[in-house]
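Asks: sequence first, then the predicted structure:
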Amino acid sequence: MTTPQDLRAALAADDASTRLRAALTAGSAPDPVLAGVLVERCAAEPDPFVRDMLSWALTRLSAADVLPRLRVELGSPRPRARAQALHTLSKIAAPSTWPWVTRDLLRDPDDEVARTAWRTAVVLAPAEERAALAVELAGLLGRGDRDVRLSLSRALVALGDTAGAALARASEDPDPAAAAHARATVVLRADPDAGFDAAVAEARRVVALGPGRGTMAGC
């Protein structure tokens with residue numbers, strides 16, 4: 001049986017494949033005494049494949065053994081700890097954890113934490129909260145680089161029809177970056193196969209033309 005000390009040592013190995021095997025072993029023979037070590041390593045693990053395996057190992061344990069630890073991590077000063085806790089919450093998908101995805105996390109200054117919070121919120125939000133979540137996410141349109149904006153668009157698209165009104169309002173935002181991002185997201189809602197870059201370029205053109213000078217499907 002793997003002890004916490006053995007697992008901690010294996011997860012600290014220089015070789016990523018050794019750490020991956022250690023996380024796989026922990027998940028294959030779930031033991032609640034290992035929960036603390038797994039959560040602890042999530043905050044420090046640099047390899048994304050190993051982090052995914054750590055999250056998988058945590059999902060194999062009882063929610064009662066894992067969720068309180070993840071809630072603590074959401075308040076960690078380390079961005080990777082916050083992001084990985086959110087990611088693991090999205091995999092466990094316990095409805096009771098929806099209130100833990102706070103406005104502060106959705107607006108986290110670290111882009112990776114914020115992106116993970118958006119994805120997690122979409123998974124956890126109950127039906128009666130999805131419209132309000134859409135409004136909150138729409139208020140972030142225009143944030144960040146291409147990858148950040150694409151993540152936000154995907155989160156809004158995943159909210160389905162409940163995001164329609166928020167996107168329509170955001171499409172008229174006086175901030176041209178936010179308006180263009182909203183309009184590009186509308187295009188992606190209507191045609192998920194549309195390229196994001198092409199949608200953004202067209203949205204920028206429409207916004208630059210001004211009211212009544214250009215049209216976009218769905219706007």
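Replies: Ah, there it is.

Asks: going forward, measure contacts and count neighbours with C-alpha atoms only.
Replies: Will do.

Asks: for residue 154, what are its contacts?
Replies: residue 185 (C-alpha atoms under 8 Å, 6 or more residues apart in numbering).

Asks: now it: which helix or strand?
Replies: According to DSSP states H and E, residue 154 maps onto helix 146-158.

Asks: just checking, what packs against the helix or strand just after that helix?
Replies: Next along the chain after helix 146-158, taking DSSP H and E as the criterion, comes helix 164-170. Contacts defined by 3 or more C-alpha pairs under 8 Å, 6 or more residues apart in numbering; DSSP states H and E place helix 164-170 against helix 130-138, helix 176-190.

Asks: name the residues of the longest one that are buried.
Replies: It stands for helix 176-190. For helix 176-190, the neighbour count (16 or more other C-alpha atoms under 10 Å) marks 176-189 as buried.

Asks: okay, now residue 15: neighbour count?
Replies: 10 (other C-alpha atoms under 10 Å).

Asks: how close does it sit to residue 52?
Replies: Between residue 15 and residue 52 the distance is 16 Å, computed by C-alpha to C-alpha, to the nearest Å.

Asks: still on that earlier bit, lowest average pLDDT across the helices and strands packed on helix 164-170?
Replies: Sorting the helices and strands packed on helix 164-170 by mean pLDDT places helix 176-190 lowest, at a mean of 90.

Asks: centre of the chain to it, how far?
Replies: Distance of helix 176-190 from its chain centroid, counting by C-alpha atoms, centre = their mean, to the nearest Å, is 19 Å.

Asks: got the angle between that helix and helix 146-158?
Replies: With axes from the mean of the first three to the mean of the last three C-alpha atoms, to 10 degrees defining the directions, helix 176-190 sits at 50 degrees from helix 146-158.

Asks: burial count for residue 141?
Replies: 25.

Asks: ok, the residue nearest to it when sequence neighbours are not counted to residue 113 distance?
Replies: In this structure, residue 141 finds its nearest non-sequential neighbour in residue 178, 4.8 Å apart by C-alpha to C-alpha, 6 or more residues apart in numbering. Separation of residue 178 from residue 113 (C-alpha to C-alpha) stands at 20 Å.

Asks: with residue 185 instead?
Replies: 21 Å.

Asks: any idea how far the residue nearest to residue 141 lies from residue 2?
Replies: With C-alpha to C-alpha as the criterion, residue 178 and residue 2 are 51 Å apart.

Asks: ok, now residue 48?
Replies: 23 Å.

Asks: more neighbours, the two?
Replies: residue 2 (15 against 11).

Asks: which residues touch the more buried one?
Replies: Per C-alpha under 8 Å, 6+ apart, neighbours of residue 2: residue 26.

Asks: now do the SS call for it.
Replies: coil (DSSP: H, G, I helix; E, B strand; the rest coil).

Asks: identify the residues contacting the closest residue to residue 150 other than its chain neighbours.
Replies: With sequence-adjacent residues excluded and distances taken as C-alpha to C-alpha, 6+ apart, residue 150 is closest to residue 196, at 7.2 Å. Residue 196 sits next to 150, 184, 188 when contact means C-alpha under 8 Å, 6+ apart.

Asks: same deal with residue 195?
Replies: residue 188 are the contacts of residue 195 under C-alpha under 8 Å, 6+ apart.

Asks: now the contacts of residue 196 in JSON lines, with distance to residue 141?
Replies: Below are the contacts of residue 196 laid out as JSON lines (distance: C-alpha to C-alpha, whole Å):
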{"residue": "150", "distance to residue 141": "10"}
{"residue": "184", "distance to residue 141": "10"}
{"residue": "188", "distance to residue 141": "14"}
